[in-house]
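K.L.:
Need a 3D model of the sequence below.
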Amino acid sequence: MPRRARIAVPNLPLHMIQRGNNRQACFFADEDYQFYLEWLLEYATKTGCRVHAFVLMTNHVHLLLSADTADAPGALMKALGQRYVQYVNRIYRRSGTLWEGRFRSCPTQAEEYLLACQRYIELNPVRAAMVAHPADYRWSSYRTNAQGEFSPLIQAHGLYRSLGLNDTERQAAYRELFRFELEPGLVDSIRLATNGNFALGNERFSAELAAAVGRRVTPGRSGRPPKSAETLPGGLLDLD
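P.N.:
Now for the predicted structure:
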């Protein structure tokens, strides 16, 4: 049975996650993180992708990006993944696969979920109890988005830029978002959408996206669909 094609739309934010095979480590030293980010910048530029947020965890990667074309994110991840695997296999004298398989992703409604998704990504090291605050973790975009640390990789989304009239105001407003934890329900929604390649947005967003791509973009119901009306003997209707 052919695999379901991922949902990707030009210029629509896409949350992506790629895990190490069997959830094993894919970064082993500082140089590994550095090379990955260098190549991420290289291939993002070549494929027309704009990275808004990222975090490199020990055994997986989160990215939030927008792209000029629908196939650009896939092209980016293919080139980046292959180059990084070749590097790891050469340096650590290993062979075989490094990644779990295809990356997982979800198209994200900017107005409702983009900043929440950025927070979700940059709070990963805190949820994993690796650090007490996202600023303490070196391998994420938090220090750029919240503190103004220069990064040639990060390109702010328009919604982020609307947080203030200048960089100082934007960074202060962004830091304010981190005063509170993400609601558990929101975390679950992001995980469900990303793992299932579903839309992350409200009903209207999902309906418009489904119409645009010509396929279902939300989880289906298991089992037989319920009957809202059933014909009874004598032609009467049994209404639920």
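K.L.:
Contact partners for H133?
P.N.:
V126 (C-beta atoms under 8 Å, 6 or more residues apart in numbering). In short, each C-beta sits where N, CA and C put it, glycine included.
K.L.:
what pLDDT does it get?
P.N.:
With respect to pLDDT, H133 scores 97.
K.L.:
repeat for G235
P.N.:
35.
K.L.:
One more: the one 5 residues further on?
P.N.:
At D240, the predicted lDDT confidence score is 34.
K.L.:
biggest helix in this structure by residues?
P.N.:
Looking across the chain with DSSP state H, the single longest helix is helix 72-91.
K.L.:
Now that helix - C-alpha only, PDB.
P.N.:
This file holds the C-alpha atoms of helix 72-91, laid out as PDB (Å, rounded to 0.1, in the frame of the first residue of the first chain):
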ATOM      1  CA  ALA A  72      10.900  22.100  -0.700                       C
ATOM      2  CA  PRO A  73      10.700  20.800   2.900                       C
ATOM      3  CA  GLY A  74      11.000  17.200   1.600                       C
ATOM      4  CA  ALA A  75      14.000  18.100  -0.600                       C
ATOM      5  CA  LEU A  76      15.600  19.900   2.400                       C
ATOM      6  CA  MET A  77      15.200  17.000   4.700                       C
ATOM      7  CA  LYS A  78      16.400  14.400   2.200                       C
ATOM      8  CA  ALA A  79      19.600  16.300   1.400                       C
ATOM      9  CA  LEU A  80      20.300  17.300   5.000                       C
ATOM     10  CA  GLY A  81      19.600  13.800   6.300                       C
ATOM     11  CA  GLN A  82      21.800  12.100   3.800                       C
ATOM     12  CA  ARG A  83      24.700  14.400   4.300                       C
ATOM     13  CA  TYR A  84      24.500  14.200   8.100                       C
ATOM     14  CA  VAL A  85      24.300  10.400   8.000                       C
ATOM     15  CA  GLN A  86      27.400  10.200   5.800                       C
ATOM     16  CA  TYR A  87      29.200  12.400   8.200                       C
ATOM     17  CA  VAL A  88      28.200  10.400  11.300                       C
ATOM     18  CA  ASN A  89      29.000   7.100   9.700                       C
ATOM     19  CA  ARG A  90      32.500   8.300   8.600                       C
ATOM     20  CA  ILE A  91      33.400  10.000  11.900                       C
END
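K.L.:
Partner strands of the helix or strand following that helix, with direction?
P.N.:
Once the chain leaves helix 72-91, the next helix or strand it forms, by DSSP states H and E, is strand 104-107. Strand 104-107 pairs in its sheet with strand 14-19 (antiparallel), by DSSP bridges.
K.L.:
The strand it pairs with vs helix 72-91, what angle?
P.N.:
Counting by axes from the mean of the first three to the mean of the last three C-alpha atoms, to 10 degrees, strand 14-19 lies at 20 degrees to helix 72-91.
K.L.:
What is the next helix or strand after strand 14-19 packed up against?
P.N.:
Using DSSP H and E, the helix or strand that follows strand 14-19 towards the C-terminus is helix 30-47. Applying 3 or more C-beta pairs under 8 Å, 6 or more residues apart in numbering; DSSP states H and E, one finds that helix 30-47 contacts strand 49-56, strand 60-67, helix 72-91.
K.L.:
Packing partners of the longest one?
P.N.:
Applying 3+ C-beta pairs under 8 Å, 6+ apart, one finds that helix 72-91 contacts strand 14-19, helix 30-47, strand 49-56, strand 60-67.
K.L.:
Of all the ones you listed, which one is nearest E100?
P.N.:
strand 14-19 (4.3 Å; C-beta to C-beta).
K.L.:
Just the CA coordinates for that closest one, please, in CSV.
P.N.:
The C-alpha trace of strand 14-19 is given here as CSV (Å, rounded to 0.1, in the frame of the first residue of the first chain):
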residue,chain,number,x,y,z
LEU,A,14,5.3,23.4,8.7
HIS,A,15,6.3,21.8,12.0
MET,A,16,8.6,18.9,11.4
ILE,A,17,10.2,16.3,13.6
GLN,A,18,12.8,13.6,12.7
ARG,A,19,13.9,11.0,15.3
